[in-house]
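*Asks:* Got a predicted model here, sequence first, then my questions.
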Amino acid sequence: MQRELIFKIVVAVLIIIVVLGSTSWLIIGRAMRKLVDVSEAVGSVAEGNLRINDLPITAQDEIGSLSNSVNEMKKKLRKLLTSVASSSERVAASSEELTASATQTRESIEQVATSIVDMTANSEKQSETIKELQNTVTNMSDKMSDLLASAQEMDKVAKASQEAAFDGKQKVDFAIEQIKNIA
């Protein structure tokens, strides 16, 4: 009778161990799959792929919070890159405007040089030409001042864009490092 009781206890303990082991394996397997999904998403973002689908948030636990943070990080990175691209387009457009202004200035200078040559050839019109030349030089000076102001403004915009891009890159690197530390 005592052997039979010991046998039943051993069988019951083995059944409990098998049931608990199976349950633990299933629960840990599900949690690990979610962590693997988060890890793969972070790896894709680290490689520059911001077009991945958002991670599903199926629970309000640490893994759900981590998934939400990865989704938010991806959205903010996409927004930052869009902003940088927009700033680059504005810088390019301003550069084209500066090139056009420089071309106009060159043409004005050529016009002044031509006027000077004509002025020496026509001594009767010399006084009128000097007045026109004076107006042209004044206009050219005004245009050069405007060009200088535009160039200074473009320099400020370019520096601000560069600083924002650098700051964004540091934040991204920091966020990736934090996520790696968490994983």
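*Replies:* Thanks, I have the structure now. Numbers count the residues shown, from 1 in each chain.
*Asks:* Mind jotting down where the helices sit in this protein?
*Replies:* Per DSSP state H, the chain has helices spanning 2-46, 62-121, 126-182. These are given in chain order.
*Asks:* For Leu50, which non-adjacent residue is spatially closest?
*Replies:* Of all residues not flanking Leu50 in the chain, Arg78 sits nearest, at 4.8 Å (C-beta to C-beta, 6 or more residues apart in numbering). Bear in mind the C-beta positions are built from the backbone N, C-alpha and C, glycine included.
*Asks:* what's the spacing between the spatially most central residue of the chain and Val42?
*Replies:* Compute the mean C-alpha point of the chain, and by C-alpha atoms, centre = their mean the closest residue is Leu81, 2.5 Å away. Here Leu81 is placed at a distance of 17 Å from Val42 (C-beta to C-beta, to the nearest Å).
*Asks:* Same question for Met32.
*Replies:* If you go by C-beta to C-beta, the gap between Met32 and Val42 works out to 15 Å.
*Asks:* pLDDT score for the residue nearest to Val91 when sequence neighbours are not counted?
*Replies:* Setting aside the residues directly before and after it, Val91 is nearest to Ala158 in space (C-beta to C-beta, 6+ apart), at 5.5 Å. At Ala158, the model reports a pLDDT of 75.
*Asks:* and of the helices of the chain, who's closest to Asp54?
*Replies:* helix 62-121 (4.6 Å; C-beta to C-beta).
*Asks:* From the contact counts, what lies against that closest one?
*Replies:* Using 3 or more C-beta pairs under 8 Å, 6 or more residues apart in numbering; DSSP states H and E as the contact criterion, the neighbours of helix 62-121 among helices and strands are helix 2-46, helix 126-182.
*Asks:* what about it, distance to the chain center?
*Replies:* For helix 62-121, the distance from its own C-alpha centre to the chain's C-alpha centre is 16 Å (C-alpha atoms, centre = their mean, to the nearest Å).
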